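Visitor: generate coordinates for the sequence data below:
(chains A and B)
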Amino acid sequence: MSNNRLSVFVAPLLFLTLLLLPRPGLCQESANCLACHSSMKGRIKNVSGALVELNVDAEKFNASVHGSLSCSDCHIRFSDNPHTTPSSGVPQAVLSLSTKLSSKFKVDPVAGAACITCHEETYKMVLGSMHGKNIVEKNQTDGALCLDCHGSPHYITPVKEENSPVGRGHQVETCGKCHGDEKIIEKYGLEENVMESFRESFHGRKLHLGHTRAPSCSSCHNAHDIRSKTDPESPVFGKNKLVTCGKCHKGANEKFVPAISHKRPGPIPHYGEKALIILTMGTFAFIVLHVLLEAFSDIRDAIFRKKEEEE
Amino acid sequence: MSETTTPQEVPAEIERFDIIFRIQHVVMFTTFLLLSFTGWGLKYAHAPQGLSSIWIRVWGGADMAGLIHRIAGVTMLLDFISHVIYLIYLFATKKMTINLKTTVIPLPKDVFDVVQNFLYFLGLSKEKPRFGKFSYAQKFDYWAVFWGMFIIGSSGYALAFPMQVSYIIPQFVTGWIWELLWLMHSDEALLAIVFILFWHFYNEHLKPEVFPMSWIWITGKISTEKLKHHHPLEYELLFPEAAKKNKKHQGE
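Guide: Below is the predicted model:
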């Protein structure tokens, strides 16, 4: 009897759960996790005090480049329902990296380090870059790691797709999250105004208008292997610019490469522009005044002085 | 209308611009419009609501708009050079000579004409300035193109072909010249557009006496009646007898 009654409850629940189950394409384990997490909402605080977003959009996850992975490929600490923690399974490389990243990834440092299992070369490049060193060597929370640029790990899309935060359409915005942030600029003594001056540059304007060959940030500054402009290995350090600019501008020479340097303009362009503005406004004032007065006098003549001319 | 001038002496109209000048003008304004339309999108690339992106798409996208801009720019420069060469030819063959009453070169008289015209506009004088072949307004219009060619044309060439230009510029200017060239090109282009919209459009299109436009750009001809009225000094120079008779007639 009780079994029957239970089935009355359980059957519709099971049916509903089936409805909620993500489409095929997800592996069985992901489907299990998403059965709950795709319908959960809100955030909870975990042991380390970080807010954990509970919801995972199953459809978006499925469509992402990592849609075929199972949850525990990255969330190695969580094996199966419900969130048991077999620490034994975590590879040494990931585990040691995760301890270095704990300042950055409060939610699941192991998952943050797990990218290295597939993207070893790229991840190592990031860790050796300006961005990575700031985290693993200086234990700061600033400095971009994978997710800061690529967005939520569950919804990473190919770089060529329009909504990719590191694609041509959104890359400038993404870099600008930090490089346009006054606090970060001040804290690390970064070049000021770089986002604005890039937007105003020829390259920035063309990129914005959808020019197919206009460069974005990473075209010149590299993506994962970001270095300080004072680092001799940086693509924008001294003579390296000849190679970097030469990628698009064949034969780039030393007098050519300063053409685009998105710094604040020096005094000559600054006062040059002021002079041009004065000239423009002066000419504009003269012609507008002239045209208005002439029109006024033409009207006056047409009304009051017509007879005088005929005489 | 005076009966004293005989039609044999004074033709109904005279040629003001020959066919070469007229072709140069057509090429000039065609390329000017193309350059303005495509350049506007780049100058205001970050216009709100992505308006400029939409506008640039009208021109076939940023790549195509850039190509149109370069082709039109080079064509305009060639048009300008052809004009200068033609002028040199006209002077060399004595088909054109410098006369104070017909020259387009700015003279001190033009300054007085401006003052006189303003006095007339304000009702402080009943005398309109008496112009030669080219009024100061027309001289202004003409030399504005030279200024534009000098500033916008040269900077535009450098920006379109930076690699070639980088070989000829001296080392010490490289730190600021590119920024300056870009500002020159952009600011003066705006000035040129504003100038054409207000000055040229008012004087040659919107003025009541020429509306909808002065047809000289197609016919190249001006009626002697208009010439007498708007360019009295040239009229007197070309038809001294008729002008004298006219004066006598008025004096009587």
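
Visitor: so where's the stretch 51-200 of chain A uncertain?
Guide: Within the stretch 51-200 of chain A, the stretches with pLDDT under 70 are A:79-88.

Visitor: which ones are touching the residue of it found nearest chain B?
Guide: The nearest approach of the stretch 51-200 of chain A to chain B comes at residue A:199, 6.3 Å away (C-beta to the nearest C-beta). Every C-beta, even on glycine, is put in place using the N, C-alpha and C of the backbone. Residue A:199 sits next to A:172, A:205, A:208, B:46 when contact means C-beta atoms under 8 Å, 6 or more residues apart in numbering or on different chains.

Visitor: next one: residue A:91
Guide: Here residue A:91 is in contact with A:76, A:117 (C-beta under 8 Å, 6+ apart).

Visitor: ok, now how distant is it from residue A:288?
Guide: As judged by C-beta to C-beta, to the nearest Å, residue A:91 and residue A:288 stand 74 Å apart.

Visitor: please, where are all the strands along the chain?
Guide: All of this refers to chain A. A:43-45, A:51-53 (DSSP state E).

Visitor: you answered for a different chain; I wanted chain B.
Guide: Going by DSSP E, chain B shows strands at B:13-15, B:221-223.

Visitor: packed most tightly, which of the ones you listed would that be?
Guide: Each of the strands of chain B was scored by mean neighbour count; the highest is strand B:221-223, a mean of 16, by mean count of other C-beta atoms under 10 Å in any protein chain shown.

Visitor: helices or strands next to that strand in the packing?
Guide: When contacts are defined as 3 or more C-beta pairs under 8 Å, 6 or more residues apart in numbering or on different chains; DSSP states H and E, strand B:221-223 packs onto strand B:13-15.

Visitor: list of residues touching the strand it packs on?
Guide: Here strand B:13-15 has contacts from B:220, B:221, B:222, B:223, B:224, B:227, B:238, using C-beta under 8 Å, 6+ apart.

Visitor: could you redo the last one with a cut-off of 10 Å?
Guide: B:21, B:216, B:219-227, B:234-235, B:238-239 (C-beta atoms under 10 Å, 6 or more residues apart in numbering or on different chains).

Visitor: okay if I get the strands of chain B as a markdown table plus distance to residue A:54 and mean pLDDT?
Guide: Shown next, in a markdown table, are the strands of chain B (distance: least, C-beta to C-beta, whole Å; pLDDT from 0 to 100):
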| stretch | distance to residue A:54 | mean pLDDT |
| --- | --- | --- |
| strand B:13-15 | 85 | 93 |
| strand B:221-223 | 82 | 93 |
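
Visitor: do you know the pLDDT at residue 6?
Guide: Defaulting to chain A. pLDDT, residue A:6: 59.

Visitor: switch to chain B, that's the one I care about
Guide: Reported pLDDT for residue B:6: 50.

Visitor: ok, residue B:28 next?
Guide: Listed pLDDT for residue B:28 reads 97.

Visitor: who are the contact partners of it?
Guide: So residue B:28 contacts B:75, B:76, B:79, B:80, B:83, B:145, B:149 (C-beta under 10 Å, 6+ apart).

Visitor: highest neighbour count among those?
Guide: residue B:76 (24 neighbours; other C-beta atoms under 10 Å in any protein chain shown).

Visitor: how close does that residue get to chain A?
Guide: 20 Å (C-beta to the nearest C-beta, to the nearest Å).

Visitor: my guess is that residue contacts residue B:34. True?
Guide: Yes. In this structure residue B:76 lies within contact range of residue B:34 using C-beta atoms under 10 Å: 8.9 Å.

Visitor: of all the residues in the longest helix along chain B, which ones are buried?
Guide: Secondary structure assigned by DSSP state H gives helix B:61-92 as the longest helix of chain B. For helix B:61-92, a neighbour-count test (16 or more other C-beta atoms under 10 Å in any protein chain shown) marks B:61-63, B:65-66, B:68-70, B:72-77, B:79-80, B:83 as buried.

Visitor: now the buried members of the contacts of residue A:199.
Guide: A:172, A:205, A:208.

Visitor: what's the closest non-adjacent residue to the second one?
Guide: I take that to be residue A:205. Take residue A:205 and drop its neighbours on the chain: the residue closest to it by C-beta to C-beta, 6 or more residues apart in numbering or on different chains is residue B:45, 3.7 Å away.

Visitor: now residue B:177
Guide: Residue B:177's closest residue in space is residue B:169 (C-beta to C-beta, 6+ apart), at 6.1 Å.
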